[in-house]
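> no sequence on hand, only this structure:
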């Protein structure tokens, strides 16, 4: 059974930074694309960023471009989301996701989800 475990969420002030981590069991990321989504109560879950495991190619939602950076550590089987210049509207539960099929991940229907980690940004 594949498991994704997120960590690194918390309460910060606007302008601060946080780094989220997502560690996968097994060697899931060696053949998968990894990504981050977020969901605020009452809203749909939205795509934040993804990374191709082999190429390292990335893509971001327009709302986070220039502020967030997604990276991966092959040896640690971990995907990170560095979040800088945080805004109150970044407040959400952040979910890690993984799938062999990048298009399926980007559509928000990946094979695997993490349990989520809360990020709260106060103004």
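Now that the structure is in, tell me what you want to look at. All of these numbers come straight from a predicted model, not from anything done at the bench.
> show residues contacting stretch 6-24.
For stretch 6-24, the external contacting residues (CB atoms under 8 Å, 6 or more residues apart in numbering) are 2-5, 34, 36, 76-88, 94-96, 98, 114-123. C-beta coordinates here come from the backbone N, C-alpha and C atoms, glycine included.
> would you mark the buried spots in it?
Residues of stretch 6-24 classed as buried: 6, 8, 9, 12, 18, 20, 21, 22, 23, 24 (neighbour count, 16 or more other CB atoms under 10 Å).
> now do stretch 43-50
Buried residues in stretch 43-50, counting neighbours by 16+ other CB under 10 Å, are found at 45, 47, 48, 49, 50.
> just the ones of the residues you listed in helices?
Secondary structure of these is defined by DSSP state H; no position falls in helices.
> show the buried residues in the contacts of stretch 6-24.
For those, a burial check counting by 16+ other CB under 10 Å picks out 4, 34, 36, 77-81, 83, 86, 94-96, 98, 114, 116-117, 119, 121.
> show me the beta-bridge partners of the residue nearest the centre of the chain.
Centroid-nearest residue in the chain, with CA atoms, centre = their mean: residue 36, separated by 2.3 Å. Under DSSP bridges, the beta-bridge partners of residue 36 are residue 49, residue 96.
> ok, it to residue 123 distance?
Distance of residue 36 to residue 123, given as CB to CB, to the nearest Å: 23 Å.
> before we move on, what about residue 89?
10 Å.
> same check, this time on residue 25
If you go by CB to CB, the gap between residue 25 and residue 123 works out to 37 Å.
> the closest residue to residue 90 other than its chain neighbours: what's it in contact with?
Using CB to CB, 6 or more residues apart in numbering and skipping the chain neighbours, the partner closest in space to residue 90 is residue 121 (5.2 Å). Residues in contact with residue 121 (CB under 8 Å, 6+ apart) are 12, 13, 14, 16, 86, 87, 88, 89, 90, 91.
> any low-confidence regions in the protein?
27, 29-30 (pLDDT under 70).
> which stretches of it form strands?
4-7, 10-13, 18-24, 33-39, 46-52, 58-60, 68-73, 78-83, 92-99, 112-113, 117-122 (DSSP state E).
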